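Colleague: return a 3D structure for these sequence lines:
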Amino acid sequence: MDAVSESAVPDVLAHRLRVVFCGINPGRVSAAARAHFANPRNDFWRLLHAAGFTPRLYEPHEQDALLELGIGVTNAAYRTTPGSGDLRTGDFAGSEERLERLAVDLDPRAIAFVGKEAYRGVFRERPELGPQLRALDDTGLFVLPSTSPANAVVPWDERLRWFRELAVWLDGVRRVAARALVLDADDRVLLVRFENPVTGATFWATTGGGVDGGETHEQTLRRELAEEAGLRDYDLGPEIWFREHTFPWNRTIITQQERYRLVRVHAHEPAPEIDLLAEGVHEVRWWTPEELRASTQRFSPRRLPGLVRRLLREGPPAQPVDVGV
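Modeller: A predicted model of the protein is given here:
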């Protein structure tokens with residue numbers, strides 16, 4: 001059976017939400033009401049309030065008001081069925097790609113799957129409850145117990161515990177990072193490649209890392225450049241960029257304040273001094289301006305190729321520039 005391209009229950013979505021809850025599919029009660037989790041025996045709305053996501057108990061018909069609280073709702077499959085057991089594999093066709101587009105275009109902090117079967121339908125793998133190693137772009141993934149009345153084996157207190165854990169997990173951890181845009185005499189850029197251990201998805205970023213307690217930004221940069229590239233002989237240039245970036249890493253949501261400085265070197269062959277695999281780094285290499293311009297790889301910041309082109313064309317900015325996500 002082919003997947004349905006439009007749901008009887010409209011998605012509740014907006015840009016930069018704190019969390020998007022993803023149910024498995026619309027049941028007949030929800031389809032009739034055109035509202036998510038509309039079955040009065042479904043615990044979703046009560047759990048949302050009890051866990052502190054809403055200041056009062058919302059009714060299903062008030063679902064659009066969730067957006068003001070940074071909350072969205074969608075489903076893994078769009079076809080309406082009497083129960084989730086009536087779904088077929090084909091009902092989830094394209095669902096992973098749809099959620100990935102949602103993550104890239106709308107940039108929510110996380111997607112919380114309401115039930116293991118919602119997650120399994122999308123990714124074709126059985127998860128444990130809680131935060132996942134898998135991610136979609138900069139969006140973390142979390143699996144909750146199903147709130148359906150059919151999931152009576154999981155008691156209320158256990159469901160509430162997981163909803164409360166989600167609320168705490170979404171707050172994540174904050175850290176400060178120092179990064180360097182390293183350019184050589186040929187205007188090549190030194191980048192490191194990170195890889196998701198579950199999906200194999202990769203992205204390229206500048207060298208640098210978190211500021212340890214007691215370190216200055218300069219001390220952090222010098223330590224990171226030595227560890228990641230064996231680079232020690234250079235002068236630190238001006239601060240050129242900054243940003244605040246929220247992303248999932250190793251089952252944790254991290255909000256990172258980053259400051260970037262320009263570093264110019266004549267020539268250098270990267271020679272890491274630590275085991276970078278333990279840091280999630282799988283490669284360190286130089287990129288030519290032409291390679292950056294032609295690449296379809298994912299970069300962090302996302303606009304890195306364009307930012308580098310502008311820097312090479314105009315020189316360092318008079319004041320550091322916010323480079324966004």
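Colleague: switch to C-alpha atoms for all contacts and neighbour counts from now on
Modeller: Noted.
Colleague: tell me the helices in the protein, going along the chain?
Modeller: 28-33, 44-50, 95-106, 116-123, 156-171, 217-229, 289-294, 304-314 (DSSP state H).
Colleague: out of those, nearest to A3?
Modeller: A3 lies closest to helix 95-106 among these, at 8.6 Å (CA to CA).
Colleague: the closest one vs helix 116-123, what angle?
Modeller: Here helix 95-106 runs at 90 degrees with respect to helix 116-123, directions being taken by axes from the mean of the first three to the mean of the last three CA atoms, to 10 degrees.
Colleague: okay, domains of this structure per the record?
Modeller: Domains of the chain are assigned by automatic domain parsing as 19-171, 173-322.
Colleague: figure out which of those domains is closest to A8.
Modeller: Taking CA to CA, domain 19-171 is the member of the domains of the chain nearest to A8, at 5.3 Å.
Colleague: quick check: end-to-end length of that closest one?
Modeller: Length of domain 19-171, first residue to last, CA to CA, to the nearest Å: 11 Å.
Colleague: next one: it to chain centre, how far?
Modeller: From the chain centre to the centre of domain 19-171 is a distance of 17 Å (CA atoms, centre = their mean, to the nearest Å).
Colleague: mind checking the pLDDT average for that domain?
Modeller: Mean pLDDT, computed over domain 19-171, is 96.
Colleague: okay, now H245: neighbour count?
Modeller: When counting by other CA atoms under 10 Å, one arrives at 17 neighbours for H245.
Colleague: tell me what it is bridged to.
Modeller: Note on H245: beta-bridge partners by DSSP bridges are Q256.
Colleague: still on that earlier bit, can the domains of the chain go into JSON lines with extra columns for distance to A8?
Modeller: Formatted as JSON lines, the domains of the chain follow (distance: least, CA to CA, whole Å):
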{"stretch": "domain 19-171", "distance to A8": "5"}
{"stretch": "domain 173-322", "distance to A8": "31"}
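Colleague: correct me, but G209 touches A177?
Modeller: Yes: the pair G209 and A177 qualifies as a contact (CA atoms under 8 Å) at a distance of 5.2 Å.
Colleague: so between the two, which is more surrounded?
Modeller: Comparing G209 with A177 by other CA under 10 Å, the one with more neighbours is G209, at 22 against 19.
Colleague: and the gap between that one and R222?
Modeller: Going from G209 to R222 by CA to CA gives 10 Å.
Colleague: and for I24?
Modeller: 48 Å.
Colleague: swap in S148?
Modeller: According to CA to CA, S148 stands 53 Å off from R222.
Colleague: one more: D212?
Modeller: According to CA to CA, D212 stands 12 Å off from R222.
Colleague: which residues sit in contact with the residue nearest to L312 when sequence neighbours are not counted?
Modeller: Computed as CA to CA, 6 or more residues apart in numbering, the closest residue to L312 that is not its neighbour in sequence is D187, at 7.8 Å. D187 makes contacts with T288, P289, L312, as judged by CA atoms under 8 Å, 6 or more residues apart in numbering.
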